[in-house]
Structure formats: structure tokens, C-alpha cells
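S.K.: Just the structure for this:
(chains A and B)
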Amino acid sequence: GQQLNQSPQSMFIQEGEDVSMNCTSSSIFNTWLWYKQDPGEGPVLLIALYKAGELTSNGRLTAQFGITRKDSFLNISASIPSDVGIYFCAGLYSGGGADGLTFGKGTHLIIQP
Amino acid sequence: NAGVTQTPKFRILKIGQSMTLQCTQDMNHNYMYWYRQDPGMGLKLIYYSVGAGITDKGEVPNGYNVSRSTTEDFPLRLELAAPSQTSVYFCASSYSRARETQYFGPGTRLLVL
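M.R.: Here you go, the predicted model:
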């Protein structure tokens, strides 16, 4: 199946710092999604990207859909304590096969006050 | 709207027992999905459904069965529970496939001993 490599696995940062994480794929996707998961909860959608090259912001979050359609990145500016959690990238290829999302393994974000 | 709801929240099973994980959505979504999330990993697709009466296998379907008799409900059945099925199970739904994002339930934590 399709593989997503998400990095870094974890990040320990100070409050107020900017954060950057990315995902790369061995195959192309038509849609890239970024989710955040808090402990004991399901993933919650942060940003959806539908077009190669697309750059989308949601408050302090910015994500881009790579030109090659095989990568995406997520930036968080001026991190705050409630940003703590696990961030997942997910890709969707709508050209056939299983219709579910392919997920990366997640980036654990830990913020030190 | 309640969104996607799942029951139970937590369950302990003995090897060989069976159970049904319930999932209901009230958003009139056509697509529904079941994922499992193992510790430190991303979510993997078990089964999905594109509408009432239609289901298909995802990446890891072995040991599971599903049915979709109504638009709202998408139960997941484990017939002979095995320790390898210890995981957190998430149900998700979306209105369509290619451009619509998936909304996740809070998860069911299953422990098989």
C-alpha cells in the first residue's frame, strides 16, 4: 500500500516558537489533510489541501500541497500550550482502490513553558 | 448535530469472544469508514462504505466484518477476538470522497486478553 513518511516523530519546543513538520509519499495524492489528535480523542481536521501548489492558512497554521503531489508541510507560528498533541498528515488518492485516507505515523508536539 | 458517535468507549474481551462496535452519524453522509490505530502509529483503514448496502475492504480487513443497512449506521463486527486486535478503533464519515474531508468519532478502545 501507499506509504507516508512524516517527520519529525516528536518535537520539544519552547512556547512562542514556530513549528514545522512535513510528510512525503512514495506516490501521488489528490488531497492532503492535516489532523490534530488530543489524548483520548479522535483526529480533528485542521487544514485540507486539494490542489498541487496550494497554500492554505487557518489562524496560526499554514499548510502547503507540494507541486509534485508527493509531499506536504504544516507550519505553526508562535506556538501556545494548547497546540500540544499529535499531528497527522493524511493523503487521499481518488483514482481507485480503497477510498480511505493513508495516514502518517504522527508528529508529537510537546511545548515547554 | 452530534456528528459521529461511537459505542462503547472502552471494552475488554477474552480471546475468541465476539462483539460489535457501533458507529452512527447524523450528518447524512454517504461515506463511512472504520480505522484502527495501534500505539505510536497512524490510522489504518479496515473497511469502508460508499452508501447503504455497499461495503468494501480497506488495508487491514482480516478478522472484521461490516454491514451498512442504513445511511446513519455502520457497525464493525469482530467474530473471534485475538490479541492482535487490541487497538483503538475510529469511525469516520464524509459526504463524498474526493473533496470532502472525513469527520472522526471519539474512538473505541478495545483490549483483547
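S.K.: Pick out the residue closest to the middle of chain B.
M.R.: B:Trp34 (3.0 Å; CA atoms, centre = their mean).
S.K.: beta partners for that residue?
M.R.: With DSSP bridges applied, B:Trp34 shows beta-bridge pairing to B:Tyr47, B:Cys91.
S.K.: Next one: residue 69, what pLDDT does it get?
M.R.: Reading this off chain A. pLDDT recorded at A:Arg69 is 91.
S.K.: oops, I was thinking of chain B
M.R.: Per the predicted model, pLDDT is 96 at B:Ser69.
S.K.: Then B:Asn1?
M.R.: 69.
S.K.: cool, and the one 4 residues further on?
M.R.: Reported pLDDT at B:Thr5 in the predicted model: 95.
S.K.: how near is it to A:Phe73?
M.R.: Separation of B:Thr5 from A:Phe73 (CB to CB, to the nearest Å) stands at 33 Å. Using the backbone N, CA and C atoms, a C-beta is placed for each residue, glycine as well.
S.K.: contacting residues around the residue nearest to the centre of chain B?
M.R.: By CB atoms under 8 Å, 6 or more residues apart in numbering or on different chains, B:Trp34 lies in contact with B:21, B:23, B:45-48, B:58, B:64, B:66, B:74, B:76, B:89-92.
S.K.: Just checking, which helix or strand of the chain averages the lowest pLDDT?
M.R.: Here I'm looking at chain A. strand A:102-103 (a mean of 88; mean pLDDT, DSSP states H and E).
S.K.: Can you look at chain B instead?
M.R.: Per mean pLDDT, DSSP H and E, bottom of the list for chain B is strand B:103-104, a mean of 89.
S.K.: Strands of the chain, residue ranges please.
M.R.: You didn't pick a chain, so chain A it is. Per DSSP state E, chain A carries strands over the ranges A:4-7, A:10-14, A:19-25, A:31-37, A:44-49, A:55-58, A:61-65, A:71-76, A:85-92, A:102-103, A:107-112.
S.K.: wait, chain B
M.R.: B:4-7, B:10-13, B:19-25, B:31-37, B:43-51, B:54-57, B:64-66, B:76-78, B:87-94, B:103-104, B:108-112.
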